[in-house]
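Engineer: Generate coordinates for the sequence data below:
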Amino acid sequence: MKIAVGISTRNCEKTIGNVVRVVDEGLKKYFLNQESLIIVSDGYSKDKTRETAKKIKTKNEKIVKRQEGSLGKGNGVKTILSLSKKKKVKAIALVDGDLTSIKPDWIKRLLLPILEGNDLVVPFYLRDRYDGVITNQIAFPLTKTLYGVDIRQPIGGEYGLSSRYSRIALSHKLFPGKFGIDIFLTTVACCEGMNIAESVLGIKEHESTKEYQDPEKLLVPMFYDVVGTIFELIGYYEKYIKEVKGMRKIKRIGAIPSAAPSRIPTDKKALLSKFKAKYGEFIRGREESSFLGDLLPLFNQIAQKPLKEYSFPLELWVKAVYRSINAFLEGEKVIDVLRVLWQGRFIGLIRETEKMKNQEAEAYIRKQVKIFAKYKCLLK
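Structural biologist: Next up, the predicted model:
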């Protein structure tokens, strides 16, 4: 049986060498008797990512190539899946090229459940409360609420896929070319009857978190791609969502370690300043925000508050999310507005959790799902 590990990269010169070495070590250690392939799919890096990846000596076959199609992680993943299909690979693992916390046993934890009969392996990480800000505020609660599947990291970045599921994903009409690929893989598996397992990978740390202090650099473009894909899939799987009853249990493989992830620093003053500026640019007095209806005066009040008095109630955020979904599916342009509110809600989340211990903050984030479930009736 042939297996493959695909590594998506863009400007990962500093990290790709170690990622390739660790992947090769994991394949040697845990899959010595399997025919293994390493695929580095590069997204038009402007540094020496490809050259660095090519120089690394590996025991397993390695292919380093520029991804097919336009710029975007989704096209990088599509390149990996398409090449794996041509090579008749039966089990595929996907990892990001900017990882700094990857370990050899990650390869085992992503691939072995596939070889044992699962179609998709999603990761379970220990992450700082301010890492995964799109996950915590929208992707996780919507996935659990709408699809009835308790997956904590629906846009985790690292996956295991069977050849069966890979073919289904590749043929899907909504296969995204950019950052929406992760939530796409999770959502489609939930709705297409795939066998899903959750594998504990421990702490996740990656280079891109260094760019979180400037949301416009990475998080905002990511928000547009991820949320746009989430909303499109909600429309596509409307019938499935209406038939969801109860909560589907996902088998978790591995024990959660007691270690704590590194804290991600946040600058509330800077974030609030940017939120207020963007609020004035995209929401206050703009016709595009009319879908918020009677919520708009409340958001106007929030945007005027100084930091010491600042709060952004969760229920307001959840109502705005559902109104955004409804308006989006009716053809309105809503993501400009929602991403500004998301930045405002993030400041509120910081203020609500900054004095909590890690476990308390995680429990607080999980409890948000109850509010999403309470207002699910708002979804048309």
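
Engineer: lowest-confidence helix or strand of the chain?
Structural biologist: Across the helices and strands of the chain, mean pLDDT, DSSP states H and E gives its lowest value to helix 133-134, namely a mean of 90.

Engineer: which of the residues in the helix or strand just after that helix are buried?
Structural biologist: Note on helix 133-134: by DSSP states H and E, the next helix or strand toward the C-terminus is helix 140-147. Of the residues in helix 140-147, those buried under the neighbour-count criterion (16 or more other CB atoms under 10 Å) are F140, P141, L142, T143, K144, T145, L146, Y147. In short, each C-beta sits where N, CA and C put it, glycine included.

Engineer: Then stretch 323-337?
Structural biologist: Neighbour-count burial for stretch 323-337, with 16+ other CB under 10 Å as criterion, is recorded at R323, S324, I325, N326, A327, F328, L329, V334, I335, V337.

Engineer: And stretch 113-120, by the same measure?
Structural biologist: Across stretch 113-120, burial judged by 16+ other CB under 10 Å covers P113, I114, N118, D119, L120.

Engineer: Can you redo the residues you listed as TSV, where the extra columns are distance to Q153, secondary structure and pLDDT?
Structural biologist: Rendered in TSV, the data for those read as follows (distance: CB to CB, whole Å; DSSP: H, G, I helix; E, B strand; the rest coil; pLDDT from 0 to 100):
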residue	distance to Q153	secondary structure	pLDDT
P113	15	helix	97
I114	17	helix	98
N118	16	coil	97
D119	17	coil	98
L120	12	strand	98
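
Engineer: So which of those is the closest to R252?
Structural biologist: For the buried residues of stretch 113-120, the closest approach to R252 (CB to CB) belongs to P113, at 10.6 Å.

Engineer: residue contacts, I181?
Structural biologist: By CB atoms under 8 Å, 6 or more residues apart in numbering, the contact list for I181 reads K73, G74, V77, K78, F175, T229.

Engineer: Tell me the spacing between it and P221.
Structural biologist: Taken as CB to CB, to the nearest Å, the spacing of I181 relative to P221 amounts to 14 Å.

Engineer: in this structure, which ranges drop under the pLDDT threshold?
Structural biologist: With pLDDT under 70 as the threshold, the chain has low-confidence stretches at 207-218.

Engineer: domain assignment for it?
Structural biologist: Domains of the chain are assigned by automatic domain parsing as 2-253, 268-378.

Engineer: which residue is nearest the middle of this structure?
Structural biologist: When the chain is reduced to its mean C-alpha position, the nearest residue by CA atoms, centre = their mean turns out to be I155, at 2.1 Å.

Engineer: still on that earlier bit, quick one: which of the contacts of I181 is nearest N18?
Structural biologist: Nearest to N18 among these: K73, at 19.7 Å, using CB to CB.

Engineer: contacting residues for that closest one?
Structural biologist: For K73, the contacting residues are S8, R10, G43, K178, F179, I181, D182, by CB under 8 Å, 6+ apart.

Engineer: And it, how close does it get to G331?
Structural biologist: Taking CB to CB, one finds K73 at 27 Å from G331.

Engineer: H206 is in contact with S101, correct?
Structural biologist: Yes - counting by CB atoms under 8 Å, a contact exists between S101 and H206, whose distance comes to 7.3 Å.

Engineer: Could you check how many residues crowd around K55?
Structural biologist: Other residues lying near K55 total 11 when counted by other CB atoms under 10 Å.

Engineer: check contacts around the nearest residue to E332 once chain neighbours are set aside.
Structural biologist: Here the nearest residue to E332 in space, its sequence neighbours aside, is F291; by CB to CB, 6 or more residues apart in numbering that works out to 5.9 Å. Listed by CB under 8 Å, 6+ apart, the contact partners of F291 are R323, S324, N326, A327, E332, V334, V337.

Engineer: so where do the strands sit in the protein?
Structural biologist: Shown for the chain, the strands assigned by DSSP state E span residues 2-9, 35-42, 61-66, 91-96, 120-126, 159-162, 196-203, 251-253.

Engineer: Which strands or helices does the shortest one pack on?
Structural biologist: Translated: strand 251-253. For strand 251-253, the contact count by 3 or more CB pairs under 8 Å, 6 or more residues apart in numbering; DSSP states H and E identifies strand 196-203 as packing neighbours.

Engineer: between the strand it packs on and strand 120-126, how many degrees?
Structural biologist: Here strand 196-203 runs at an angle of 30 degrees relative to strand 120-126 (axes from the mean of the first three to the mean of the last three CA atoms, to 10 degrees).

Engineer: now strand 196-203, how far from the centre of its chain.
Structural biologist: Centroid separation for strand 196-203 versus its chain: 14 Å, with CA atoms, centre = their mean, to the nearest Å.

Engineer: Just name whatever secondary elements it is in contact with.
Structural biologist: When contacts are defined as 3+ CB pairs under 8 Å, 6+ apart, strand 196-203 packs onto helix 104-115, strand 120-126, strand 251-253.

Engineer: buried sites along the last one?
Structural biologist: Within strand 251-253, the residues that qualify as buried are I253, counting by 16+ other CB under 10 Å.

Engineer: Same check on the first one?
Structural biologist: Of the residues in helix 104-115, those with enough neighbours to count as buried (16+ other CB under 10 Å) are P104, D105, W106, I107, K108, R109, L110, L111, L112, P113, I114.

Engineer: got a list of what the fourth one touches?
Structural biologist: The neighbourhood of I107, defined by CB under 8 Å, 6+ apart, consists of V5, V22, V23, G26, L27, Y30, F31, A93.

Engineer: Please report how far A260 lies from N358.
Structural biologist: Computed as CB to CB, the A260 to N358 distance reads 6 Å.

Engineer: Which one's more surrounded, these two?
Structural biologist: When neighbours are counted by other CB under 10 Å, N358 comes out ahead of the other of A260 and N358, with 15 against 12.
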